[in-house]
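Enquirer: Give the three-dimensional model of this entry:
(6 chains)
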Protein chains: 4
Amino acid sequence: MPKETFYNLSEEKRNRFVQIALEEFAYRDFQAASITQIVKKLGIAKGSVYQYFDDKLDLWLYLKKYSEEIKISYITSLKREDYPNFWEYYRAMYLHGINFDLEHPLCSLLLYRIGFKESSEQVKPYLHTWKEEAKIFFRQWIEAEKKLGTFEEGIATDIIVHFLLTMSLSITELLQDRYHIDFEKNISEGKPLFGKNKEELIKAVNDLIFLMERALKIN
Amino acid sequence: MPKETFYNLSEEKRNRFVQIALEEFAYRDFQAASITQIVKKLGIAKGSVYQYFDDKLDLWLYLKKYSEEIKISYITSLKREDYPNFWEYYRAMYLHGINFDLEHPLCSLLLYRIGFKESSEQVKPYLHTWKEEAKIFFRQWIEAEKKLGTFEEGIATDIIVHFLLTMSLSITELLQDRYHIDFEKNISEGKPLFGKNKEELIKAVNDLIFLMERALKIN
Amino acid sequence: MPKETFYNLSEEKRNRFVQIALEEFAYRDFQAASITQIVKKLGIAKGSVYQYFDDKLDLWLYLKKYSEEIKISYITSLKREDYPNFWEYYRAMYLHGINFDLEHPLCSLLLYRIGFKESSEQVKPYLHTWKEEAKIFFRQWIEAEKKLGTFEEGIATDIIVHFLLTMSLSITELLQDRYHIDFEKNISEGKPLFGKNKEELIKAVNDLIFLMERALKIN
Amino acid sequence: MPKETFYNLSEEKRNRFVQIALEEFAYRDFQAASITQIVKKLGIAKGSVYQYFDDKLDLWLYLKKYSEEIKISYITSLKREDYPNFWEYYRAMYLHGINFDLEHPLCSLLLYRIGFKESSEQVKPYLHTWKEEAKIFFRQWIEAEKKLGTFEEGIATDIIVHFLLTMSLSITELLQDRYHIDFEKNISEGKPLFGKNKEELIKAVNDLIFLMERALKIN
DNA sequence: CATGAATGAGGCTTCATTCAT
DNA sequence: TATGAATGAAGCCTCATTCAT
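Expert: Reported below is the predicted structural model:
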């Protein structure tokens, strides 16, 4: 975790640092991400990074935690009990979750990478934490919902978990594919992300959940 | 692509080379994969690799093509016209496809990595090739099937493509999660893959396709 | 040498500074000793060190002088003329000198290091100072004693100097070996040094000087 | 320990490498010794060092072993049983040992440094090996000699060991001090070491042992 | 007088690639 | 065709030192 010196930085400097660092780690394997590149982009001395963090791994862990905390703040704002059934809740959560992807695209990409793409030896111990947690959380939830009659007992919980999780997490890709959103390009050129396409996006997500609902709901 | 010298090797040597190289590239990012490690495992001189291939990228491209050709040979062995409807054909293809994963786990992992995980700068130009092709192929197919009445016109083709492709490719993960199949471990220990679990595996795939069918079929 | 600012510090602060700095330089080569570590332990700003001293070398020179002055104050408290012969005087000086080692272990270690172990390029010009001085002092002394009939003229003065100096300075090691005194450990754990072992220690030193006497005295 | 590649080098190259590396490690703390300097002096690429050795520590361990083996070959050539008493044997061994210092001055310095001066954290685990072994060896030997009547039972073995070892190992220093032998300078200027001074040197050693004998022999 | 962020040179290490044998 | 030593760029990291506040 960061050293005090990092928190002592002006908010502006700190934010700039985080953004550039996120950019590097969001688009590259841990091993391939380069501190050298980060400091070049930031125009600071290499030594400075090591005033803020113990080492490359420490920086990565911070960015991971930073992104997770933002994501969690999005996820936990909706409560199951405020919705009449699983699907309405799930849909609301999903659509709400899009805001995370839209407003924090780099965090979104980093977490996606950590969950699905990362394979560097150095970060292996920290890799499955949140994905496994998501799985455990989903499993408990689905079993609870089974008792409420949301899902058929006959469909194995593991299959449902896999199905829901896979689809949920495929959204980032969908965004990129369907709406030709090249995060990297837009961000580096300073263009606003999305914009008029948001409605189309929402429609796509609705369609996807509609399919999931058809797959899993009890007729 | 390989130089003549590579094809002049005895089949035994060539196969050994390919297996060890696949092992390296299947478990590591392009950038992280190490020629040094490969020659160490093979017990040959480093220079030899450059007698066979132009460079690291050339080797990677060969392994990619090698794996794709094997996969295609599995996929193309079943013909749509031999099946009464999309779902029976899809199910058959899928179950047949498992054999590719079982019989060529390293190729399977490499292609999975290329499709979903790889992000090294050097191979970016070659990354989307086969995934994009799969998407184009799926799109054409789904539109043809729409005309046959397999899918509702109202569901966007892109959504269906995304849905089918995502689920199809998530299988490798499912295998690992549900059946505790640690490719890496089993392979390095020379253990046979799967075995008595194949039936369970087939059941899981059937369940998954059953869900997909429920999601997409016309009632 | 220190800047004024250093002497303006409260005695408490100054002493604490010296102790921690001694700790660092007593256990490490000049090059390996780290200002960073010192300020960490002290909990002060790095810049402060440079308010007190010009640079690392300046600090080291101060600690060297500081230790030497203490040592000299121990050595010069006994006068040759108060003793009937060389050996009684030498023995007294030696035993008295032990107090320096016991009461100022860090200074003792620093001087030992400077005399025998240090080899950093940066401090080379200052290295032989006190050891050479000791040698010159010993040489003059021994030649004076030769005239008093303490030593045989036939034994080369250089040999005697070497012999006496080597043995004298080996004591720190003897302490550590024979009495299992781990300066480093005891100090860092705040334990009192020696204690009940002091008599044993005195006996060892007596034994050693007894040997030296047998070696050099005129029969 | 070195990799195969090191032993595959031509003897000339290998020897040159060892000499330059010895020069660096003989005159500097492990931490301060610099691979960069070594390759600069050698005029080779930095990477080459890592073709031969795993890392800096590996190189150091090799040089240590290399020097120890040479030293041992000098020491073990004389047998106790060929001498009428301890002192004649000791004197012979000592004088014979000088050849090691003269013929392999860098090895001699390295071992001296390892035994007495080195304090880098990284090599601590390997530091006391040979010195402790020497102590154990001496202790056994002295106890055996006590039974032969060489030493008085009344003098503690530890004291004798300390005495003998300290004096034995101080010789390198004596050489440098008394005969103004600046190894570093002579070697770097390609001058022959010693020469006409050897007789003087032998005399000094003889004198020193004469003192030791007087100190320890039974009258 | 104190602070502590910023600096940048220098160190170790890895790795794809070349080339003489 | 095979070899493997040689290369050097690039990466991570440490540390004494400076300087604006």
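Enquirer: The residue nearest to A:Asp29 when sequence neighbours are not counted and DNA strand E, how far apart?
Expert: Closest residue in space to A:Asp29, ignoring its immediate chain neighbours: B:Asp29 at 4.5 Å, by Cβ to Cβ, 6 or more residues apart in numbering or on different chains. Every residue, glycine included, has its C-beta placed from N, CA and C. Remark: distance between B:Asp29 and DNA strand E (Cβ to the nearest atom of the strand, to the nearest Å) = 11 Å.
Enquirer: Spell out which residues of chain A are next to DNA strand E.
Expert: Residues of chain A lying near DNA strand E by Cβ under 7 Å from any atom of the strand: A:3-5, A:8-9, A:13, A:44-48, A:50-51.
Enquirer: Narrow those residues to those that are buried.
Expert: Among the residues of chain A next to DNA strand E, those classed as buried by 16 or more other Cβ atoms under 10 Å in any protein chain shown are A:9, A:44, A:48, A:50.
Enquirer: quick check, nearest of those to chain C?
Expert: Chain C lies nearest to A:Tyr50 out of those, by Cβ to the nearest Cβ, at 11.0 Å.
Enquirer: in a strand, that's where that closest one is, yeah?
Expert: No. Looking at A:Tyr50 with DSSP: H, G, I helix; E, B strand; the rest coil, it is helix, so not inside a strand.
Enquirer: so what's it scoring on pLDDT?
Expert: We have a pLDDT of 95 for A:Tyr50.
Enquirer: re the thing from before, now the buried ones among the residues of chain A next to DNA strand E in JSON lines, with distance to DNA strand F?
Expert: Shown next, in JSON lines, are those (distance: Cβ to the nearest atom of the strand, whole Å):
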{"residue": "A:Leu9", "distance to DNA strand F": "13"}
{"residue": "A:Ile44", "distance to DNA strand F": "12"}
{"residue": "A:Ser48", "distance to DNA strand F": "8"}
{"residue": "A:Tyr50", "distance to DNA strand F": "4"}
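Enquirer: one step back: ok, the residues of chain A next to DNA strand E vs chain D, which is closest?
Expert: Using Cβ to the nearest Cβ, A:Lys46 comes nearest to chain D of these, at 17.8 Å.
Enquirer: Could you pull up the residues touching that closest one?
Expert: Shown in contact with A:Lys46 (Cβ atoms under 8 Å, 6 or more residues apart in numbering or on different chains): A:35-36, A:39.
Enquirer: just the buried members of these?
Expert: A:35, A:39.
Enquirer: which of the contacts of A:Lys46 lies closest to DNA strand E?
Expert: Nearest to DNA strand E among those is A:Val39, at 7.9 Å by Cβ to the nearest atom of the strand.
Enquirer: Number of residues surrounding the nearest residue to A:Asn206 once chain neighbours are set aside?
Expert: Spatial nearest neighbour of A:Asn206, excluding adjacent residues (Cβ to Cβ, 6+ apart): A:Arg91 at 7.1 Å. Each residue near A:Arg91 was counted by other Cβ atoms under 10 Å in any protein chain shown, and the total is 18.
Enquirer: now swap in A:Tyr126 and tell me
Expert: Using other Cβ under 10 Å, A:Tyr126 has 16 other residues around it.
Enquirer: any idea how far A:Lys65 is from it?
Expert: Applying Cβ to Cβ, to the nearest Å, the value for A:Tyr126 to A:Lys65 is 10 Å.
Enquirer: how about CSV for the residues of chain A next to DNA strand E, with distance to D:Glu69 and secondary structure added?
Expert: As requested, those are arranged in CSV below (distance: Cβ to Cβ, whole Å; DSSP: H, G, I helix; E, B strand; the rest coil):
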residue, distance to D:Glu69, secondary structure
A:Lys3, 47, coil
A:Glu4, 51, helix
A:Thr5, 49, helix
A:Asn8, 55, helix
A:Leu9, 55, coil
A:Lys13, 57, helix
A:Ile44, 50, coil
A:Ala45, 46, coil
A:Lys46, 42, helix
A:Gly47, 42, helix
A:Ser48, 47, helix
A:Tyr50, 41, helix
A:Gln51, 46, helix
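Enquirer: check contacts around the residue most central in space within chain A.
Expert: For chain A, A:Ser108 is the residue whose C-alpha lies nearest the centre (Cα atoms, centre = their mean; 3.6 Å). Applying Cβ under 8 Å, 6+ apart, one finds that A:Ser108 lies in contact with A:67, A:71, A:100-101, A:172.
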